[in-house]
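Visitor: 3D, please:
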Amino acid sequence: MSVTTSGLQLKSGHRAMRRAVELLSSMRFAIAMLVILAIASVIGTVLTQDDPYPNYVNQFGPFWADIFRSLSLYNVYSAWWFMLILGFLIVSVSLCVIRNAPKMIADMKSWKVKVREGSLRAFHHKGEFAAHGTRAQTAALLTKLSGKLGYKFVTRETDGATLIAAKRGAMTRIGYIFAHLAIVVICLGGLLDSNLPIKLQMWLFDKTPIRSNTVINDIPPEHRMSQSNPTFRGYAWVPEGQHVSTAILNQQDGSLIQDLPFSIELNKFIVDYYSTGMPKLFASDIVVIDHKTGARIPARVEVNKPFEYDGVSIYQSSFQDGGSQMQMTAYPMTGNTAKTEPFGGAIGGTAPLIASTPGADGQTVEFTDFRAINVENISNGSGANDVRGVAAHHSLKEAFDERLGSGAKSSKPMDLHNVGPSVQYKVRDKDGQAREYNNYMLPVDVNGERMFLAGMRTNPDDPFRYLRIPADAGGTVKEWMNLRATLENPTMRAQAAHRFAQRSVPGSNQELQQHLEESASRVLTLFAGADETEGKASNRQIVGGFQAIAAFIDHSIPKAEQEKAAGLLLRMLEGSMWDLWQLSREQAGEPDVKPDADATRFVQSSINALSDSFLYGSPVYLQLDSFKQIQASVFQLTRAPGKKVVYLGSLLLVLGIFSMFYVRERRLWFWLKDTEHGVNVVMAMSSARKTLDFEREFAQTRDAVGVVLGVNPTDASAATAPEGAPKSAGSHDSTR
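Guide: Next up is the predicted model:
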């Protein structure tokens, strides 16, 4: 049977219609649709789907982000043009099957008995035997042999001769039909599980997405999908101890509410960890409550282990905080007081800042997230020495392994540890402007020193920048907070400068001592951001920290002497800050600290943190003291009737490909004709695919025929067509 790439040829109708039908049903059109579908699938795989639009703007810029959105590249698999391609592909392949399947089935059923002795002699693979006995006896021997070789056969008497036509592997034709039907079935399954049924309901029943935040129970029916919705894919957020009976179906311009035939109650969200602190297991212990019967069905949902009930599959998608309770201490970051206040709230809630805190007028705190576990890399990442100062040695094999294999591997050492809980919140002023903060509950080891990390960012897309507050001997921030408040006090700054001058210059040189005291006082004032004269002279906003000292040097000291002056001022700052620290400890009723390496490092780290605190942007630092964790699971809920259809299509595809590649059609003929000396037998054999296996099979079959008949082929070159003979037609329709 010959197969062409042309389509159905209509004999009636308009010329344009005939050409359109021919194109739509042609193989070349189906292949073109498959190529376009493959390209679209690659785009949908490479480009993250269904992200918030601002993410794409940040990634591609506003110009290309708008173009990609107009092309629906952010939701390729539910785009109208993707559905249209699937529809055209289904129609095209279906027409191909309708056009070719009857011919293939007819060819599969055909015995090809319309052959004659001359055409069999023209075959490339043939043999001829001079058998003894009668034609009936010879025919019986050959039919029995054909059956033993796995051939089905028929016998025909024609023109005084007997024709035995046998075939084997004719089911390979079914492979072509199955493979093409599989494409149709898989595409139909894809359409069933797509957004097309939901879009049809929106068009037919005036369903519209909701664009505002509203209590789910108060959402009207025009924004809700019924429980009989045949297909959907949505998400449900369930805190521990609560239940939901709806799912959210995200749409491009809002959300639809999908009512469920049951409720999901979350008893416990479970996280298991490896020894390094990396998560090992995410699971949710749930109870499914049937709305019709009231039955309560307990179940566990794990990643890649969904639970199915009433045709709806429940997947563990992710997890979030479900409203954990925070107990915190508010440390003021402005003013010359270190008075603390208790502060608290729940994740997802808001709380006003303490009115007595300087700069807290009308500001509120919005609690956004809480993490009980934070796994961080605490190595220095240099590959030379680890945090203990031990040199790292690698063999040549290890060096190669670091640079070969997965691109996700890193040649830098990783030392992952759990650094404890953290809380994330926003401080919003009365004008609506907000900064986001991320504070760790416990001090973290940073280069051998214990630091409290307080992250800050002004843009949600920016990474956090961390203020590193050194922990005191008791593992708290109290000493640093007392030092900050003491720095804000002009009287304490003056006392610290006086002590520093007395410590540094002998009492016999009063003039130099007085000059050093004034300089140290000026440095502390600059560093504290309290030098109003410098601010007025430069017509700039008053700043503190190293920025203020740098601005003073830039405006007051010639460039040739600035480097020397900077070193002198920093030494003054460090020395006077030591005395300021002792004063703050005396105010707190604590003894002075003896100078040693740890104390010196604490002062240096405190200076750095004080300088960075001017960029912190919040009137308070919220230190997490304790918490009551409440977790929430995010479930993906799907009703996918097309899943079984796709499975069926996949099975058909496997069977079809297996049949086409591993099942070979072979045809075998015997022409038996009486002669003066017995029976002349002409044997011919053909296959749709000429392979080395077929060559061997023909030789074995010819030898088996010779053994059964008890003779050898009469022509030693029986496997070669004679000179000038017509070409074999054994594998074409002319042998019907």
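
Visitor: shaky segments in this structure?
Guide: 1-13, 275-277, 355-359, 376-416, 532-542, 715-736 (pLDDT under 70).

Visitor: Show me how the record splits it into domains.
Guide: Under the assignment automatic domain parsing, the domains of the chain span 15-106, 110-169+664-735, 216-320+632-640, 325-384+412-471+625-629, 480-593.

Visitor: My read is that S284 contacts I264, right?
Guide: No - the pair S284 / I264 is not scored as a contact, 9.0 Å apart, by C-beta atoms under 8 Å. The way it works is simple: take the backbone N, C-alpha and C, and place the C-beta from them, glycine included.

Visitor: Find residues that contact each of those two.
Guide: V238, F635 (C-beta atoms under 8 Å, 6 or more residues apart in numbering).

Visitor: rewinding a little: how about JSON lines for the domains of the chain, with mean neighbour count added?
Guide: As requested, the domains of the chain are exported to JSON lines (neighbours: other C-beta atoms under 10 Å):
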{"stretch": "domain 15-106", "mean neighbour count": "15"}
{"stretch": "domain 110-169+664-735", "mean neighbour count": "17"}
{"stretch": "domain 216-320+632-640", "mean neighbour count": "16"}
{"stretch": "domain 325-384+412-471+625-629", "mean neighbour count": "17"}
{"stretch": "domain 480-593", "mean neighbour count": "17"}
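
Visitor: how about a markdown table for those, with distance to L181 added?
Guide: Shown next, in a markdown table, are these (distance: least, C-beta to C-beta, whole Å):
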| stretch | distance to L181 |
| --- | --- |
| domain 15-106 | 6 |
| domain 110-169+664-735 | 19 |
| domain 216-320+632-640 | 21 |
| domain 325-384+412-471+625-629 | 48 |
| domain 480-593 | 73 |
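
Visitor: Would you mind saying which of these lies nearest H180?
Guide: Closest to H180 of these is domain 15-106 (C-beta to C-beta; 4.9 Å).

Visitor: now that closest one: how far from the chain's centre is it?
Guide: Domain 15-106 has its C-alpha centroid displaced from the chain centroid by 23 Å (C-alpha atoms, centre = their mean, to the nearest Å).

Visitor: Kindly check the end-to-end length of that domain for me.
Guide: 31 Å (C-alpha to C-alpha, to the nearest Å).

Visitor: Could you pull out the helices in the stretch 1-150 of the chain for me?
Guide: Secondary structure of the stretch 1-150 of the chain (DSSP state H, counting those that start in this stretch): helices located at 15-24, 27-46, 53-70, 80-109, 117-121, 135-148.

Visitor: Pipe the ones you listed into a markdown table and attach distance to T476 per row.
Guide: Listed next are the helices of the stretch 1-150 of the chain as a markdown table, based on distance: least, C-beta to C-beta, whole Å:
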| stretch | distance to T476 |
| --- | --- |
| helix 15-24 | 76 |
| helix 27-46 | 49 |
| helix 53-70 | 38 |
| helix 80-109 | 58 |
| helix 117-121 | 102 |
| helix 135-148 | 93 |
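
Visitor: So for R499, which of those helices sits nearest?
Guide: helix 53-70 (51.9 Å).

Visitor: And the contacts of that closest one?
Guide: L47, T48, Y74, D461.

Visitor: just stretch 148-158 next, same as before
Guide: Stretch 148-158 has contacts (C-beta under 8 Å, 6+ apart) with 111, 113, 139, 143, 146-147, 162-168, 666, 668, 701, 704.

Visitor: which residue ranges form the strands in the stretch 201-350 of the chain?
Guide: For the stretch 201-350 of the chain, strands defined by DSSP state E, counting those that start in this stretch occupy the ranges 224-225, 232-239, 243-251, 254-273, 279-290, 296-302, 307-309, 312-321, 325-332, 341-346, 350-352.

Visitor: Could you list every helix and strand in contact with the stretch of helix or strand Q547 belongs to?
Guide: In this assignment (DSSP states H and E), Q547 forms part of helix 545-556. Here helix 545-556 touches helix 510-527, helix 532-538, helix 559-587, helix 597-613, going by 3 or more C-beta pairs under 8 Å, 6 or more residues apart in numbering; DSSP states H and E.

Visitor: Indicate which one of those is closest to V215.
Guide: Across these, closest to V215 is helix 597-613 (C-beta to C-beta), at 41.5 Å.

Visitor: related to what we said a few turns ago, compare the helices of the stretch 1-150 of the chain and give me the one nearest Q433.
Guide: Of these, nearest to Q433 by C-beta to C-beta is helix 53-70, at 17.7 Å.

Visitor: export that closest one as CSV, just CAs?
Guide: Extracted C-alpha coordinates of helix 53-70, given in CSV (Å, rounded to 0.1, in the frame of the first residue of the first chain):
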residue,chain,number,x,y,z
TYR,A,53,3.1,40.0,36.4
PRO,A,54,5.6,42.2,38.3
ASN,A,55,8.0,39.2,38.3
TYR,A,56,8.1,39.2,34.5
VAL,A,57,8.5,43.0,34.4
ASN,A,58,11.6,42.7,36.6
GLN,A,59,12.9,39.9,34.5
PHE,A,60,12.3,41.2,31.0
GLY,A,61,11.6,44.9,31.4
PRO,A,62,8.2,46.7,30.8
PHE,A,63,8.5,46.7,27.0
TRP,A,64,9.1,42.9,26.4
ALA,A,65,7.0,42.0,29.4
ASP,A,66,3.9,43.6,27.7
ILE,A,67,4.7,41.9,24.4
PHE,A,68,5.1,38.5,26.0
ARG,A,69,1.8,39.0,27.9
SER,A,70,-0.1,40.0,24.8
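
Visitor: how far off helix 27-46 does it point, in degrees?
Guide: On the basis of axes from the mean of the first three to the mean of the last three C-alpha atoms, to 10 degrees, helix 53-70 is oriented at 170 degrees to helix 27-46.

Visitor: ok now the helix holding Q547, how far from the chain's centre?
Guide: Computed by C-alpha atoms, centre = their mean, the chain-centroid distance of helix 545-556 equals 48 Å.

Visitor: and if you look at stretch 510-523?
Guide: Worked out by C-alpha atoms, centre = their mean, stretch 510-523 lies 63 Å from the chain centre.
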